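>>> curious how this folds, go ahead:
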Amino acid sequence: MSKQFEPEFRLIHDPPHARADAYWMTHAGGGTNTLVYRMRTRGAGVPARVLCPWMPQRESRFCVPFSGTLEQLAARFSEQLQAERSQQDPQVPFVLIGHSFGGLLAYRMACHLADRGMPPHRLVVLSSAAPGVRSHDQQLHHLENEKLLRRVDQLFGGVPA
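Numbers count the residues shown, from 1 in each chain. Have a look, this model is predicted:
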């Protein structure tokens, strides 16, 4: 029997005098272990608590299903984040950081939190286009070679010789 999905954040890094909280959303298929390794090997000077969501069907939650949408996932994690932060010092700022798919998740969470009067201090999106902006209006890989080259030239300033 599988468990039901309940949003939860894993504390990755907890320095004694943290000045902020950073909630890091990983790429699709990613888990928390990479962040744990990075914080153990390079996180000594990071003055923030770093938390990462335990995603359904990843790591120790491999058997926890979630058949909802990105919007529903963002709403659930936003509710959990808000509940956890209500128990903490409101003067401690928090940031949302998202890598690739995590950038979309962080952006949608920021929207939900802003709607509830609790916007993050910052939103950082890595390895992804701005979540609210489409970078191009068609699938480039479907274009014929000449049309592809013209479109790449328009979008990105050309291809070096």
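>>> what about the strands in this protein?
Here the chain has its strands, by DSSP state E, at 9-13, 20-25, 48-53, 94-99, 122-126.
>>> partner strands of the first one and their direction?
Taking DSSP bridges as the criterion, strand 9-13 sits next to strand 48-53 (antiparallel) in its sheet.
>>> give me the contact list for the strand it pairs with.
Residues outside strand 48-53 that contact it (CB atoms under 8 Å, 6 or more residues apart in numbering): 7-15, 18-26, 32, 35, 39, 43, 77, 95. Using the backbone N, CA and C atoms, a C-beta is placed for each residue, glycine as well.
>>> which of those residues count as buried?
Among these, those classed as buried by 16 or more other CB atoms under 10 Å are 7, 9-10, 12-13, 21-26, 32, 35, 39, 43, 77, 95.
>>> what sits against residue 13?
Listed by CB under 8 Å, 6+ apart, the contact set of residue 13 reads 39, 43, 46, 48-50.
>>> bridge partners for it, pull those for me.
With DSSP bridges as the rule, residue 13 is bridged to residue 50.
>>> any idea how far it lies from residue 42?
The gap separating residue 13 from residue 42 is 10 Å, by CB to CB, to the nearest Å.
>>> against residue 101, how distant is residue 7?
Remark: distance between residue 7 and residue 101 (CB to CB) = 16 Å.
>>> correct me if wrong: residue 30 contacts residue 102.
Yes. Shown here, residue 30 and residue 102 form a contact pair, counting by CB atoms under 8 Å, at 7.3 Å.
>>> comparing these two, which shows the higher neighbour count?
Taking neighbours as other CB atoms under 10 Å, residue 30 and residue 102 compare with residue 102 leading, 26 against 19.
>>> my guess is the more buried one contacts residue 31. True?
No. Using CB under 8 Å, residue 102 makes no contact with residue 31, being 11.3 Å away.
>>> show me the common contact partners of these two, please.
In contact with both residue 102 and residue 31: no residue, using CB under 8 Å, 6+ apart.
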